[in-house]
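Visitor: predicted model and sequence follow; I will ask about them next.
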Amino acid sequence: MNLEAFLQAEEEDEFDSLLFSHHHHHYDLISNNNNQLPSALATSATTTTLSTTTINFNLPTTTTNKTLCSPSLNTTIVQSEKEKEEENVEYAPISCDACRNQHRKCDRTKPACHGCKLRGISCHYNMNFKRRAKSIKQSCCLKQEDVKLLDFYANGYGSLPRKEIEKFLFHHYQSNNNNNKATTTTIHYYNNNEMNELAALYYSIKATTECRLGNCEKSEISYKLAKEYLSKVFDSYSSINVALCYANLCCYDHWFERLDTARFYFQILLFYKDYWLNQSTFKNTTKDTLIMMINIYESTIFNVNDEKKLYPLSFDRFLETIPSLFTYYFKDNNIPVNEAMFHLLEKPHLIDSKNCLELNTFLQTIFFECKQFEEMTFGKSELFNFMYEMIECGTTVGLASKCEIMTPMIEYILESNSKRIVKAIGHARFIVAPMEVLIHVSQAAKYHLSKVKQGIFVNNSTNYIDMLKIELGAYHSMQSRYKIVKYYFYDEIFRPIEEFLQAFSFVEMQIY
């Protein structure tokens, strides 16, 4: 047993068990003035061991040696007979599986580390395990808020690779002489446009991400910083980073109901779209992602034919946009389009009880295949899975509600899918989901509201009043982050629910 393992065991709160397993004695480790070992001792730690009656440290013979053990122990310095054997100990390049899973330090000795021997468990080294690359080099480290932001951002459709953002943060911190003074709220203009473009994009990403996480005050600061950096590079008409920054600011101003500014940014995005579509020889994945974002804004938010109006975030409008939203999937996979089904989607008023279930089957197949395609393209994500579950359930409820005759099968479909939506509201991912998820929450809310208006408050184990309260809470949660939510959803859906629950609560108080 060498000193390194001895000290390691002490740090892991196993000091007593280590000594008991070797000597069945109690030793007190005492250090004068401080709790650190002499530097010379640290360098000789690999050649020192514990014998059965003495502790051998190979201390240098100086007058400044510190007392390491109790005087009553009367310790002597001798050379261990096992020293030569320990020189041949083989070490693994990584910690063993057990120590790594328990976040403990491992001495990495083969065939079994000391920790596993001490606990009496099998020791295994997974040589296929790859260490995560360090994001920031030297003494510059990411702040905790940066890590949280990047973890959230990387879990979606991140338009900019995470490594590029980390590279910017590294240069930002390095631009300050003292790393402790470097913050992501410091304005530091750069001498080259490329870094200023990256700074503008980073702060626009930070603003939208903080807003989605519910930090609206911080998001406003990041929004202003993004505009400051953008003012230095706004004329970079061919820069993808500048265009992505405009896209994020457009989205952010739309959330806060600053519609004039949002429309201004949207017009700039249309210019970028036309410019890149004419550059047919220029191929870039980020550019394709940006064009897809602009198409989504154009088909779901901003009405190009009437600049003063926004498209409604209704279920029928959602159906209308499905062909354009999933065009990338059909184009990339050369899948023929079902003209009859797409005609119904483009004209939702033609959907009735005769074709609604067939259309739902068609859409569920599209959603499933698109989900598989996106997982292969962007990687698996809990947020993707959550959003697709909400879309699948909301679409089923919205289309099944168009049936004129409510058979037991239709009732079961509506009941089960509405319940799944309410259950998903309690999922941790709902807090960071985009506000469009309320399109599908509203379908379940309409179904539950129709039930209580019929005088049906409980069905089996389902309490419709409780369901409505959860759905109304989901609306308020979204509205606290996205001001525009009230414009889209309150009057048509959640105001009637709020008024009904207030009246119901008043009646309950009168009864009890």
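Guide: Perfect, thanks for sending it.
Visitor: run through the stretch 251-400 of the chain and note the low-pLDDT ranges.
Guide: Counting by pLDDT under 70, the stretch 251-400 of the chain shows low-confidence ranges at 280-285, 307-308, 326-337, 378.
Visitor: and the strands in the stretch 351-500 of the chain?
Guide: 458-459, 462-463 (DSSP state E, counting those that start in this stretch).
Visitor: adding mean pLDDT, write the ones you listed out as TSV.
Guide: Shown next, in TSV, are these (pLDDT from 0 to 100):
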stretch	mean pLDDT
strand 458-459	88
strand 462-463	90
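Visitor: any idea which of those is most buried?
Guide: Ranked by mean neighbour count, the strands of the stretch 351-500 of the chain are led by strand 462-463 with a mean of 15 (mean count of other Cβ atoms under 10 Å). For glycine as for every other residue, the C-beta is placed from the backbone atoms N, C-alpha and C.
Visitor: name every strand pairing with that strand and say which way it goes.
Guide: strand 458-459 (antiparallel) (DSSP bridges).
Visitor: so which of the strands of the stretch 351-500 of the chain comes closest to Thr286?
Guide: Thr286 sits nearest to strand 462-463 of all those, at 46.2 Å, using Cβ to Cβ.
Visitor: centre of the chain to stretch 306-323, how far?
Guide: 28 Å (Cα atoms, centre = their mean, to the nearest Å).
Visitor: quick one: which of the strands of the stretch 351-500 of the chain is nearest Ile322?
Guide: So among the strands of the stretch 351-500 of the chain, strand 462-463 is nearest, using Cβ to Cβ, at 29.7 Å.
Visitor: quick check: the closest residue to Lys469 other than its chain neighbours vs Ala92, distance?
Guide: Ranked by Cβ to Cβ, 6 or more residues apart in numbering and with sequence neighbours excluded, the top spatial neighbour of Lys469 is Leu501, at 6.6 Å. As judged by Cβ to Cβ, to the nearest Å, Leu501 and Ala92 stand 62 Å apart.
Visitor: any chance of JSON lines for the strands of the stretch 351-500 of the chain, columns distance to Phe362?
Guide: Below are the strands of the stretch 351-500 of the chain laid out as JSON lines (distance: least, Cβ to Cβ, whole Å):
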{"stretch": "strand 458-459", "distance to Phe362": "30"}
{"stretch": "strand 462-463", "distance to Phe362": "29"}
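Visitor: any idea which of these gets closest to Asp107?
Guide: Asp107 lies closest, by Cβ to Cβ, to one member of the strands of the stretch 351-500 of the chain: strand 462-463, at 56.7 Å.
Visitor: got any ranges where the stretch 51-200 of the chain has weak pLDDT?
Guide: Along the stretch 51-200 of the chain, segments meeting pLDDT under 70 span 51-88, 127-142, 154-159, 175-188.
Visitor: surely Pro323 forms part of a helix?
Guide: Yes - checked against DSSP: H, G, I helix; E, B strand; the rest coil, Pro323 lies within a helix.
Visitor: isn't Lys218 right next to Thr209, touching?
Guide: No - look at Lys218 against Thr209 with Cβ atoms under 8 Å: they stay out of range, at 9.9 Å.
Visitor: between those two, which one's more packed in?
Guide: Thr209 (22 against 18; other Cβ atoms under 10 Å).
Visitor: confirm that the more buried one sits in a helix.
Guide: Yes - when three-state DSSP is applied, Thr209 is found to be in a helix.
Visitor: going forward, begin numbering at 17 instead of 1
Guide: Happy to do that; since the first residue is 17 now, the last one works out to Thr225.
Visitor: list the contacts for it?
Guide: 165, 168-169, 235 (Cβ atoms under 8 Å, 6 or more residues apart in numbering).
Visitor: out of these, the closest to Lys179 would be?
Guide: Distances from Lys179 to the contacts of Thr225, taken by Cβ to Cβ, are shortest for Tyr169, at 12.3 Å.
Visitor: and that closest one, how many neighbours?
Guide: 19.
Visitor: cool, Tyr189 as well?
Guide: There are 24 residues near Tyr189, going by other Cβ under 10 Å.
Visitor: looks to me like it is in a helix.
Guide: Yes - counting by three-state DSSP, Tyr189 is part of a helix.
Visitor: measure it to Leu415 for me?
Guide: Tyr189 sits 52 Å away from Leu415, taking Cβ to Cβ as the criterion.
Visitor: same deal with Tyr245?
Guide: 46 Å.
Visitor: centroid residue for the protein?
Guide: Centroid-nearest residue in the chain, with Cα atoms, centre = their mean: Phe168, separated by 2.7 Å.
Visitor: quick check, it in contact with Leu229.
Guide: Yes - assessed by Cβ under 8 Å, Phe168 is found in contact with Leu229 at 6.6 Å.
Visitor: any idea how far the helix or strand encompassing the residue nearest to the centre of the chain is from the chain center?
Guide: Element membership for Phe168 (DSSP states H and E) is helix 160-170. Distance, stretch centre to chain centre, for helix 160-170: 7 Å (Cα atoms, centre = their mean).
Visitor: same question, stretch 270-286
Guide: With Cα atoms, centre = their mean, you get 26 Å for stretch 270-286.
Visitor: which residues sit against it?
Guide: 227, 259, 262-263, 265-267, 269, 310, 313-314, 317-318, 323, 326, 451, 497-500, 503.
Visitor: write a PyMOL command that selects only the buried members of those.
Guide: Selecting only the buried entries of these in PyMOL, with 16 or more other Cβ atoms under 10 Å as the criterion:
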select buried, resi 227+259+262+263+265+266+267+269+310+313+314+317+318+326+451+497+498+500
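Visitor: now for the helix or strand where His359 lies, which elements pack on it?
Guide: Assigned by DSSP H and E, His359 belongs to helix 355-362. With contacts taken as 3 or more Cβ pairs under 8 Å, 6 or more residues apart in numbering; DSSP states H and E, helix 355-362 sits against helix 331-341, helix 372-394.
Visitor: so for Glu487, which of those sits nearest?
Guide: helix 331-341 (14.7 Å).
Visitor: can you list the buried residues in the closest one?
Guide: 331, 334-339, 341.
Visitor: most widely separated two among these?
Guide: Phe331 and Pro339, at 15.5 Å, using Cβ to Cβ across these.
Visitor: from Lys248, how far out is Asn207?
Guide: Asn207 is 11 Å from Lys248, by Cβ to Cβ.
Visitor: more neighbours: those two, which one.
Guide: Higher neighbour count among Asn207 and Lys248: Lys248, with 16 against 6, using other Cβ under 10 Å.
Visitor: in which helix or strand does the more buried one reside?
Guide: helix 232-249.
Visitor: from the contact counts, what lies against that helix?
Guide: Helix 232-249 packs on helix 209-228, helix 256-271, going by 3+ Cβ pairs under 8 Å, 6+ apart.
Visitor: so the longest one versus helix 232-249, what angle?
Guide: If you take axes from the mean of the first three to the mean of the last three Cα atoms, to 10 degrees, helix 209-228 sits at 160 degrees to helix 232-249.
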